[in-house]
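> Test case, fold it:
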Amino acid sequence: MTTDRWTPIAVGVLILGGTASYAMGGAFIAAGLEADGSLAGLNIRQIRLGALLHHVASAAVVAVGLLLYPVLREHNELYALGYAVARIVEATLLSAGALGVMSLVPLAAATTTGDAVTTGDAVTTGDAPNAMTTGDAGSAMTAGGAEPGAAVADAGLAAAHALATGTYVTGFHLALAALGAGGLLLCHVFHRTRLVPRPLAVLGITAYMALFASGWLKVFGDGMPMILYIPGAAFEIVLSVWLITKGLHRPETAPPDARDGVTPHPRVA
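Okay, here's the model as predicted:
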C-alpha cells in the first residue's frame, strides 16, 4: 500500500474514531455530573474516563489536520494552513472543556475531608450533621452550631460547578465553529479539485456552514435546533467511509478547474 493510499484510510479511521471517542466521553461526563449543581453526587471515575476520551478525540482531530495538510497544500497552501490551524484550535477547545470539568474532581475530593466519604465511584456525604429547623419557615441550623462561612463555601462550590460545566459546553460550541470554518476550507478544495465527488463536497459545504452558524449562535445564547447537526454528522460519516474505501482521486481528464490555476493532485490508486 502506497503512502498516498494510506493517508486517506488513516484520515477516515481517525474521523470515525475521534467522533465515537468524543460521543462516549460526553456520555460519561454527563452521567458523572450532578444535575442540581452540587458536588455531592460527582462520579469521579466517570468524569476522568470521559475527559480521557475527550483528549483522545482531540488528538485524532489534530492528526486529521496534519495528515491532510500536505494533500491540500498541493492545491492551495493558504487553505491547507487554515484547515490545519482550525483543527488545532478545535482540539484545544475540546481539551479545555474537558479540563474544566476535571477541575471539579479535586474540589469534590476536598469536600470529603472530615464530613464526607467516597463510596464506590461516587462522592457522597457521610455522617452529615442532623439539621433542625426553627419556627421560621425556610431557615435552618445544624445541631452543634453552623459554621458562619459554610453558606459562602457552598455557594463557592456551586459557582465552581457552574463555571466548569459552562466552560465545557461553551468550549464544545466554539469547537464546532472552528470545525465549521476549517471544514469550509477543506470542502472548497475538494470541490475545486474533485479529490472527492462534487456532490459529497457540496454536502460538506452545506454541513459545515450549518455547524459554523450553530456554534456561534449557541455561544451567544440563541437556541438552535439539533437538526442543524445532522448534515455535519452525515457528511463526516460518508466522507470517512469514502476515504477508507475509495481514497482521494482525480478523473483521468482534467476538469475545467485545472485551467483556473488549481494544481491537479496525482491520482491515488
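
> could you pull out the strands for the stretch 101-250 of the chain?
In the stretch 101-250 of the chain, the segments counted as strands under DSSP state E, counting those that start in this stretch are 116-119, 122-125, 131-133, 140-142.

> average pLDDT across the second one?
In other words, strand 122-125. Across strand 122-125, pLDDT averages out at 43.

> repeat for the last one
Along strand 140-142, the predicted local confidence has a mean pLDDT of 37.

> Can you check which helix is longest in the chain?
Ranked by residue count under DSSP state H, the longest helix found in the chain is helix 150-193.

> quick one: A234 from L228, how far?
A234 is 12 Å from L228, where distance means CB to CB, to the nearest Å. C-beta coordinates here come from the backbone N, C-alpha and C atoms, glycine included.

> Could you find the closest non-adjacent residue to V101?
Leaving aside its chain neighbours, V101 sits nearest to Y168 (5.0 Å; criterion: CB to CB, 6 or more residues apart in numbering).

> Tell me if I'm right that the one you found and S95 touch.
No: assessed by CB atoms under 8 Å, Y168 is found out of contact with S95, at 10.9 Å.

> more crowded one of the two?
For Y168 versus S95, neighbours defined as other CB atoms under 10 Å are more numerous around Y168 (25 against 20).

> and H188, how many neighbours does it have?
So H188, with other CB under 10 Å, has 19 neighbours.

> and it, what is it in contact with?
Shown here is H188, whose contacts under the criterion CB atoms under 8 Å, 6 or more residues apart in numbering are Y79, I205.

> again, only this time at 7 Å
Y79 (CB atoms under 7 Å, 6 or more residues apart in numbering).

> Check G17 too.
The neighbours of G17, taking CB under 7 Å, 6+ apart as the test, are A60.

> separation between it and A57?
Using CB to CB, G17 is found at 8 Å from A57.

> same deal with G25?
G25 is 7 Å from A57, where distance means CB to CB.

> average pLDDT for stretch 25-45?
Mean per-residue pLDDT for stretch 25-45: 76.

> First residue to last residue on that stretch, what's the distance there?
Using CA to CA, to the nearest Å, one end of stretch 25-45 lies 12 Å from the other.

> Would you confirm that G82 contacts L185?
Yes: taking contacts as CB atoms under 7 Å, G82 lies within contact range of L185: 4.9 Å.

> Looking only at neighbour counts, state which of those two leads.
A direct count of neighbours by other CB under 10 Å for G82 and L185 places L185 higher, at 21 against 17.

> While we're on the more buried one, how confident is the model there?
Confidence score, pLDDT, at L185: 97.

> Pull the number of nearby residues for the nearest residue to P231 once chain neighbours are set aside.
With sequence-adjacent residues excluded and distances taken as CB to CB, 6+ apart, P231 is closest to A207, at 3.7 Å. When counting by other CB under 10 Å, one arrives at 26 neighbours for A207.
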